[in-house]
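In: curious how this folds, go ahead:
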Amino acid sequence: MDENDNVGIIKQAVQKGGKIDIKGDRFKDVIEIKEDIPFGFKVAVRNIQKDEIILKFNEAIGVAIVGIEKGEMVHVHNIEGLRGRGDLA
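Out: Numbering: from 1, shown residues only. Here you go, the predicted model:
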């Protein structure tokens, strides 16, 4: 995970109310999970505003279509993907 990222990857399924440790080179946090998140899915590691770029591994992968709270799953229901679309320059 890059410290510019606003999402992280869940390494094992986490139930709503569970807590995960986020560790980077220059930051550390404990996040309470807002909903059940399956293994391999993304979680917001901070609050994300509507229309904010979603960064994973410091790469833009999408845009938030709604505000996303820290601890919520980040997936197709709350972002619009930017990769492999063919309609963007």
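In: only C-alpha atoms from now on, for both contacts and neighbour counts.
Out: OK.
In: need the helix or strand of the protein with the lowest average pLDDT.
Out: Ranked by mean pLDDT, DSSP states H and E, the helix or strand of the chain with the weakest confidence is strand 19-23, at a mean of 88.
In: beyond it, next helix or strand please.
Out: Sequence-wise, the next helix or strand downstream of strand 19-23 (DSSP states H and E) is strand 28-32.
In: following the chain past that following strand, name the next helix or strand.
Out: Next helix or strand after strand 28-32 toward the C-terminus (DSSP H and E): strand 42-44.
In: show me the contact partners of that next one.
Out: Strand 42-44 is contacted from outside by 6-10, 37, 68-75, using Cα atoms under 8 Å, 6 or more residues apart in numbering.
In: what pairs with it, parallel or antiparallel?
Out: Here strand 42-44 is paired, per DSSP bridges, with strand 7-9 (antiparallel), strand 73-74 (antiparallel).
In: what mean pLDDT would you report for that strand?
Out: Strand 42-44 shows a mean pLDDT of 96 in the predicted model.
In: what of stretch 58-76?
Out: 95.
In: buried ones in that stretch, by neighbour count?
Out: Neighbour counts over stretch 58-76 (16 or more other Cα atoms under 10 Å) mark 61-65, 68-74 as buried.
In: mind giving me a markdown table with the residues you listed and columns for distance to K23?
Out: What follows is the buried residues of stretch 58-76, written out as a markdown table (distance: Cα to Cα, whole Å):
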| residue | distance to K23 |
| --- | --- |
| I61 | 21 |
| G62 | 23 |
| V63 | 24 |
| A64 | 23 |
| I65 | 27 |
| I68 | 20 |
| E69 | 19 |
| K70 | 15 |
| G71 | 15 |
| E72 | 18 |
| M73 | 18 |
| V74 | 19 |
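In: returning to what we had before: as JSON lines, the strands paired with strand 42-44 with distance to D21 would be great.
Out: Formatted as JSON lines, the strands paired with strand 42-44 follow (distance: least, Cα to Cα, whole Å):
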{"stretch": "strand 7-9", "distance to D21": "11"}
{"stretch": "strand 73-74", "distance to D21": "15"}
